[in-house]
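[1] sequence? don't have it. structure:
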């Protein structure tokens, strides 16, 4: 009897909280902060979401987009996580790789990924590493024998993290040039032969601005950076095919976690749970709506909805070390990651132009493989200019 009463009280409380959350958004303005400049694919995605999301949030608030480019979306991520209102009226859309940047020891990171409230993503993503055909490079193995210059935006983005990791984990010799503000700038750099290729090129973006070059025979797709292949390019190998050990596969699995949420929208950690739940439900409902789907088709936006709740569960799995312990130690969400993710001594390879081959994997006792792969980012971050 007591259990029935307790269950009834819980349901009533939940319904009351939900009603309050629904009333809260009426007459409000919700700001979606996107970490890239106007005209970028992330901006297109943000404006697509803003255009339709208001119809599904109870109270029908106005939803607007605010562009806040900088540091590969780190500026936007830090702002929304720390400075924005904590009531659900400000949410963010950041680079997919930014969700794991705190684990990699990146400078200037002021948020904990598991503490954030992930709202959802319009789709998952497969990224590729592509180079010009006239470089003579035909496979990832070729990059182990010669230097290949690739464009990347900034630390924390896939375009930097992917080639750097492959250098130190698999022995490739990518040289990363950073400072590009958009995918369009990087594509133009490839066309002008300022660089040999791109360190990461999302397949959705590639279909728009890289497919013409591919069909003309001007590009080679070296590898798919994902845990599962895109059905569009089954002939292009997965990066996991190159991993030789369980530890290498674990590192790559962690780095590819962001691909499961291609266009990640999040709310600050302190937003009340009932409002987070309402935003998540509204986001997923939006992506099942015929009008929304028709607009997505017109814009060339893939829709394969990813729930924020599901992503949060998956992230918990990826943040565990080989012994099964939480990488954040026994501390609660929202605290600083412990030194488990950081090498207690200098890693034998650095985040720099060119890899060190097999020597990059020679680690001292106690070193964490992830940081051997990425180098001592806090002391030796990439600072190449365009």
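    Perfect, thanks for sending it. Remember, it's a predicted structure, so these values are computed and weren't measured experimentally.

[2] what about stretch 231-240, average pLDDT?
    The average pLDDT for stretch 231-240 rounds to 95.

[3] mind listing what's buried in it?
    Buried residues in stretch 231-240, counting neighbours by 16 or more other CB atoms under 10 Å, are found at 236-240. Where C-beta positions appear, they are placed from N, C-alpha and C, glycine not excepted.

[4] I'd like to know the average pLDDT value across the helix or strand containing residue 223.
    Assignment of secondary structure by DSSP states H and E places residue 223 within strand 219-225. Taken as a whole, strand 219-225 carries a mean pLDDT of 97.

[5] which other helices and strands contact it?
    strand 127-132, strand 197-202 (3 or more CB pairs under 8 Å, 6 or more residues apart in numbering; DSSP states H and E).

[6] can you list contacts of the first one?
    Judged by CB atoms under 8 Å, 6 or more residues apart in numbering, the contacts made with strand 127-132 from elsewhere in the structure are 137, 140, 148, 150, 158, 162-163, 190, 193, 196-203, 206, 210, 214, 218-226, 233, 236, 259.

[7] in ChimeraX, how would I select the buried members of those residues?
    Buried members of the contacts of strand 127-132 can be picked out in ChimeraX with the line below, counting by 16+ other CB under 10 Å:
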select :137,140,148,150,158,162,163,190,196,197,198,199,200,201,202,203,206,210,214,219,220,221,222,223,224,225,226,236,259
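
[8] would you map the strands across this protein?
    Assigned by DSSP state E, the chain shows strands spanning 29-34, 62-67, 90-93, 117-121, 127-132, 148-151, 174-177, 197-202, 219-225, 265-267, 306-307.

[9] and those strands as a markdown table, adding distance to residue 83?
    As requested, these are arranged in a markdown table below (distance: least, CB to CB, whole Å):
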| stretch | distance to residue 83 |
| --- | --- |
| strand 29-34 | 10 |
| strand 62-67 | 13 |
| strand 90-93 | 9 |
| strand 117-121 | 16 |
| strand 127-132 | 30 |
| strand 148-151 | 30 |
| strand 174-177 | 30 |
| strand 197-202 | 28 |
| strand 219-225 | 32 |
| strand 265-267 | 14 |
| strand 306-307 | 26 |
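
[10] residues in contact with the strand holding residue 223?
    Outside of strand 219-225, the residues within contact range by CB under 8 Å, 6+ apart are 126-133, 137-140, 143, 158, 162, 190, 197, 200, 210, 213-214, 230, 233, 236-239, 242, 256, 259.

[11] what's the angle between it and strand 127-132?
    In terms of direction (axes from the mean of the first three to the mean of the last three CA atoms, to 10 degrees), strand 219-225 departs from strand 127-132 by 160 degrees.

[12] what angle do strand 219-225 and strand 197-202 make?
    Calculated by the same axes, to 10 degrees, strand 219-225 forms an angle of 50 degrees with strand 197-202.

[13] from now on call the first residue 158
    All right, first residue 158 from here; so that's strand 376-382.

[14] residue 228 is nearest to which of the helices and strands packed on strand 376-382?
    Proximity to residue 228, assessed across the helices and strands packed on strand 376-382 by CB to CB, is greatest for strand 354-359 (16.5 Å).

[15] in its sheet, what does the closest one sit against?
    Each strand that strand 354-359 pairs with, and the sense of that pairing, follows from DSSP bridges: strand 284-289 (antiparallel), strand 305-308 (parallel).

[16] can I get those in a markdown table including distance to residue 199 and mean pLDDT?
    Converted to a markdown table, the strands paired with strand 354-359 look like this (distance: least, CB to CB, whole Å; pLDDT from 0 to 100):
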| stretch | distance to residue 199 | mean pLDDT |
| --- | --- | --- |
| strand 284-289 | 14 | 97 |
| strand 305-308 | 17 | 98 |
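
[17] let's have those strands in a markdown table, adding distance to residue 210.
    Conversion of those to a markdown table gives the following (distance: least, CB to CB, whole Å):
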| stretch | distance to residue 210 |
| --- | --- |
| strand 284-289 | 26 |
| strand 305-308 | 32 |
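
[18] go through these and name the closest to residue 420.
    Evaluated over those, closeness to residue 420 peaks at strand 284-289, with 12.8 Å, by CB to CB.

[19] work out the gap between the closest one and the centre of the chain.
    Mean C-alpha position of strand 284-289 versus that of the full chain (CA atoms, centre = their mean, to the nearest Å) differs by 17 Å.

[20] over to stretch 366-375?
    Between the mean C-alpha position of stretch 366-375 and that of its chain there is a distance of 25 Å (CA atoms, centre = their mean).

[21] buried sites along that stretch?
    Of the residues in stretch 366-375, those buried by neighbour count under the rule 16+ other CB under 10 Å are 366-367, 370-371.
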